[in-house]
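Enquirer: Pasting the sequence and the predicted model now:
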Amino acid sequence: MTHEGNTLEPITGLRDDAGKSGGMSRFRGTTSVDPTTFSVVWNRLESLLDDAGEKVLHATQSYVLALVRDFGLSWLNQNGEIVAAAAYIARHIFTAAESAQNMLRPFNGDFAPGDLILGNDPYLVRSGHLSDWTFIKPVFCQGKLFGFLQFRGHMADTGGSLPGGYGADAYDVIAEGLNIPPLKIIKGGVLDKDLWALVCRNVRNSKQVDMDVMLIDGALAQAEKQIGKLVDKYGLGTVKACMSEIMAAGERAARAEILQMKRGTFSGESATDWDGTTDKPVWVRVDMTVGEGDLVFDFSRSDPQVSFVNSPLGNTISIAMESFYAFIDPMAPKNQGSFALVRVIAPEGTVVNPRYPATVGACAISVGEPMMEACKIALAQALPERATGGFSRHGCPIVFGMDLDKIDPRTNSVKQYMAETFASDGSGGAMKGFDGWPGVGPGSFLASFVRPDIEHFESEVPFRVTRYEFVTDGEGAGEYRGGPAVFVETVSDAKPGHPTSLMTGNTDGMIVAARGANGQDLSLLEMWIEGVDGSLRILRTLANEPIYPGESFKVRAPGGGGWGDPLDRSAESVWRDVIDGLVTPERARNIYGVVVGPDGMSVDQLQLDDTATASLRASRKSQTIR
């Protein structure tokens, strides 16, 4: 992967040829390893990363890590390049293509067994917003540095004026939270207590953060032992040869996919509602050039940097790659081999590569999702048969506050809470051959987030979810339809006088609709608060709004976009959607040309009228032809 923008020198001992694309292969595989051994080593590397992730998942104190799976792990070679990854959140994996070398460079090759490096600074690590902390553990085998384990995840807190990292009104990135440059918080297996005390004193719920960091270190240490056993079994040279071949396989697969695309330059654009300060949309524009086996994503025409929604370079690179991966064979290996064929141009000072000290809190959502939409629109022109309907953007307000009557015995301080349901995310778009997934959320999630149990949410915060449902007639119509729209209602049970608010810095799509790669826009996100007296007030995106006892907030998130002509949808599929309550008989007739009846019958008694449907569709299509 190469980029244009900020320029960094390669760190000592790491490759200096990063990003050469096209022409000869950068990663050369080997034929010295038999296929069985190669397959076993590859799968073992991925499974031990999955195992480390499961340890964190089932023992973490963080609501977001435990219940949403908002983290990722990867195995890096000695050059800091991605070899293998665990099946969690893609963004937490692919940012390592930029951030790993930025994390390792300051140490000039000075690593020891037992070290743990931590960083989150958007302008030094350059991976994303402050809430996502990156951890790297050097791995030694047979007394030699062999590679690095990387973990990145959304921590319980990272300081700043508001919890959660999504407050839109910070003055600068310092006000957004604790900026951590790459630091060895554990050196040779020994915790730097003074340094760690400084970090913990500047975050909320510090006991949770402390426990989770020690957990992450322990999970990575266990993974390191498993890598050692793998090397002991097959030999250092064999495992290294397998790692080279894994990346070579990634490059070959990506090149084969690119060669299927039309040559030329294709453009896409999309926008986020606003930046939380200036009330106008912020645009991301990309010109994608398809060459002979390589790609260039050029974001030079994007808007200048603004506030809060700016995307650090690693986040921008990751989104470009996520978009590419969403269009190619899902079995293609996703590692540094494929990154070598892609170049990202992101001029410094733009919303896709801001200058210090611009705020970046909403980079993953409020520019991240429009950025992916723009990339997919461009990709769809080069590979039309892979185009998809639009995906709903993130639409789940965060609740935060304090319960002044509860004292945490571990800290002797009042209980502070911050959580979101992830329940009110809308649905995914359709593609040729497949309906959109219901309630899957933004496309940039790549269907990896998990919705927490509502009961757990209600046990953590003083709120109750009273409605949680699909919306009839809320799908994007097509031969293959989008997933349905979603409606969620949540009531505040907060005590009078206790600080309680909603934070919507993680939501988008009320002013500028989400866009599908096929060119269709979705409906707009709707959010509002209903007072105890029945009065309504709009809950807009990128805002902080108090909510009072007995009030409710409501979200209607869009359904996914459809693919193809609704008149070509299987009549039986439309009938089943009617029976399931996703489509009314009227919409079935008016949009899909499908007649179900007889009128006046209950839904479960409605039957598909094949003759009337065939006649109606033939009439509609003849009108279209004329």
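Expert: Perfect, I can see it now.
Enquirer: so what's Trp133 up against?
Expert: Neighbouring residues of Trp133 by CB atoms under 8 Å, 6 or more residues apart in numbering: 118-120, 152-153, 155, 158, 180. In short, each C-beta sits where N, CA and C put it, glycine included.
Enquirer: before we move on, what about Ile216?
Expert: By CB under 8 Å, 6+ apart, the neighbours of Ile216 are 56, 135, 151, 153.
Enquirer: Relative to Val41, which of those is nearest.
Expert: Among these, Phe151 lies closest to Val41 (CB to CB), at 21.3 Å.
Enquirer: just to revisit the earlier point, format the contacts of Trp133 as CSV; extra columns: distance to Tyr356.
Expert: What follows is those, written out as CSV (distance: CB to CB, whole Å):
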residue, distance to Tyr356
Leu118, 20
Gly119, 15
Asn120, 14
Arg152, 21
Gly153, 24
Met155, 22
Thr158, 17
Ile180, 15
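Enquirer: Among these, which pair sits farthest apart?
Expert: Maximum pairwise distance in these, criterion CB to CB, is 13.9 Å, between Gly153 and Ile180.
Enquirer: Which one's more surrounded, those two?
Expert: The neighbour count for Gly153 versus Ile180, taken as other CB atoms under 10 Å, is higher for Gly153 (25 against 20).
Enquirer: contacting residues for the more buried one?
Expert: For Gly153, the contacting residues are 56, 62, 64-65, 70-72, 92, 132-133, 216, by CB under 8 Å, 6+ apart.
Enquirer: Return the list of strands paired to the host helix or strand of it, each annotated with direction.
Expert: Per DSSP states H and E, Gly153 falls inside strand 144-154. Sheet pairing of strand 144-154 (DSSP bridges) gives strand 71-76 (antiparallel), strand 132-141 (antiparallel).
Enquirer: Following element in sequence after that strand, please.
Expert: Downstream of strand 144-154 (by DSSP H and E), the next one is helix 173-176.
Enquirer: Now do the buried residues in that following helix.
Expert: 173, 176 (16 or more other CB atoms under 10 Å).
Enquirer: related to what we said a few turns ago, and the contacts of Ile216, which two are the farthest apart?
Expert: Across these (CB to CB), the longest gap, 10.5 Å, separates Val56 and Phe135.
Enquirer: and for those two, which residues touch both?
Expert: 151, 216.
Enquirer: quick one: Phe400 and Asn506 touch, right?
Expert: No - if you go by CB atoms under 8 Å, Phe400 and Asn506 don't touch, sitting 11.7 Å apart.
Enquirer: Point out where this protein drops to low pLDDT.
Expert: 1-31, 625-626 (pLDDT under 70).
Enquirer: and it, what are its domains?
Expert: For the chain, automatic domain parsing gives the domain ranges 8-246, 257-385, 398-557, 568-625.
Enquirer: before we move on, back to that, between the contacts of Trp133, which is nearest Asn205?
Expert: Closest to Asn205, out of all of the contacts of Trp133 and judged by CB to CB, is Met155, at 9.4 Å.
Enquirer: Relative to Leu118, how far out is that closest one?
Expert: Using CB to CB, to the nearest Å, one gets 10 Å for the distance from Met155 to Leu118.
Enquirer: what residue lies at the spatial centre of this protein?
Expert: Phe445 (3.6 Å; CA atoms, centre = their mean).
Enquirer: Please look at that one and His92 and confirm they touch.
Expert: No - using CB under 8 Å, Phe445 is not in contact with His92; the gap is 11.5 Å.
Enquirer: Now the common contact residues for the two.
Expert: Common neighbours of Phe445 and His92, counting by CB under 8 Å, 6+ apart, are absent.
Enquirer: Leaving out chain neighbours, which residue sits closest to Asp287?
Expert: Asp298 (4.6 Å; CB to CB, 6 or more residues apart in numbering).
Enquirer: What about that neighbour, how many residues nearby?
Expert: Neighbours around Asp298, by other CB under 10 Å: 20.
Enquirer: Measure how buried Leu616 is and give me the count.
Expert: 18.
Enquirer: residue contacts, it?
Expert: Contacts of Leu616 (CB under 8 Å, 6+ apart): 589, 593-595.
Enquirer: and with 6 Å instead?
Expert: By CB atoms under 6 Å, 6 or more residues apart in numbering, the contact set of Leu616 is Gly593.
Enquirer: Quick check: which element contains it?
Expert: For Leu616, the element it lies in under DSSP H and E is helix 610-625.
Enquirer: residues of that helix that come out buried?
Expert: Neighbour-count burial for helix 610-625 [16+ other CB under 10 Å]: 613, 616-617, 620.
Enquirer: Out of the residues you listed, which comes closest to Val574?
Expert: Set against Val574, the nearest of these by CB to CB is Thr613 (8.6 Å).
Enquirer: any idea how far Leu446 is from the closest one?
Expert: 37 Å.
Enquirer: got the angle for the lengthiest helix in the chain vs strand 71-76?
Expert: Counting by DSSP state H, the longest helix found in the chain is helix 206-234. Counting by axes from the mean of the first three to the mean of the last three CA atoms, to 10 degrees, helix 206-234 lies at 30 degrees to strand 71-76.
Enquirer: hang on, the earlier thing: got the phi/psi numbers for the residue nearest to Asp287?
Expert: phi -110, psi 110 (degrees, to the nearest 10).
Enquirer: give me the beta-bridge partners of it?
Expert: Note on Asp298: beta-bridge partners Asp287, Ile345, judged by DSSP bridges.
Enquirer: gap between it and Leu178?
Expert: Asp298 is 34 Å from Leu178, by CB to CB.
Enquirer: for Ile547, same thing?
Expert: Distance of Ile547 to Leu178, given as CB to CB: 27 Å.
Enquirer: got the residue ranges for the strands in the stretch 451-600 of the chain?
Expert: Assigned by DSSP state E, counting those that start in this stretch, the stretch 451-600 of the chain shows strands spanning 463-471, 485-492, 500-503, 526-530, 536-538, 544-546, 552-557, 596-597.
Enquirer: List the strands paired with the fifth one, with their directions.
Expert: Applying DSSP bridges, strand 536-538 is found paired with strand 526-530 (antiparallel).
Enquirer: could you give the angle of the strand it pairs with to strand 485-492?
Expert: Using the same axes, to 10 degrees: strand 526-530 against strand 485-492 is 30 degrees.
Enquirer: what's the closest residue to Arg587 other than its chain neighbours sitting at in phi/psi?
Expert: Using CB to CB, 6+ apart and skipping the chain neighbours, the partner closest in space to Arg587 is Asp473 (4.9 Å). Backbone torsions of Asp473, given as degrees, to the nearest 10, read phi 60, psi 30.
Enquirer: do the one 10 residues further on as well
Expert: As for Gly483, its main-chain torsions (degrees, to the nearest 10) stand at phi -70, psi 160.
Enquirer: can you tell me which residues contact it?
Expert: Here Gly483 is in contact with 427-428, 436-438, 559-560 (criterion: CB under 6 Å, 6+ apart).
Enquirer: Roughly how far does it sit from Ala447?
Expert: 11 Å.
Enquirer: cool, Gln208 as well?
Expert: Distance from Gln208 to Ala447, counting by CB to CB: 28 Å.
Enquirer: Which one's more surrounded, those two?
Expert: Neighbours were counted for Gln208 and for Ala447 using other CB under 10 Å; Gln208 has more, 21 against 13.
Enquirer: Tell me which residues of stretch 549-569 come out buried.
Expert: 551-564, 566-567, 569.
Enquirer: returning to that earlier point: quick one: distance of the helix holding Leu616 to the chain centre.
Expert: 42 Å (CA atoms, centre = their mean, to the nearest Å).
Enquirer: same question, stretch 604-616
Expert: Relative to its chain's centre, stretch 604-616 lies at 42 Å (CA atoms, centre = their mean).
Enquirer: same deal with stretch 393-404?
Expert: With CA atoms, centre = their mean, you get 19 Å for stretch 393-404.
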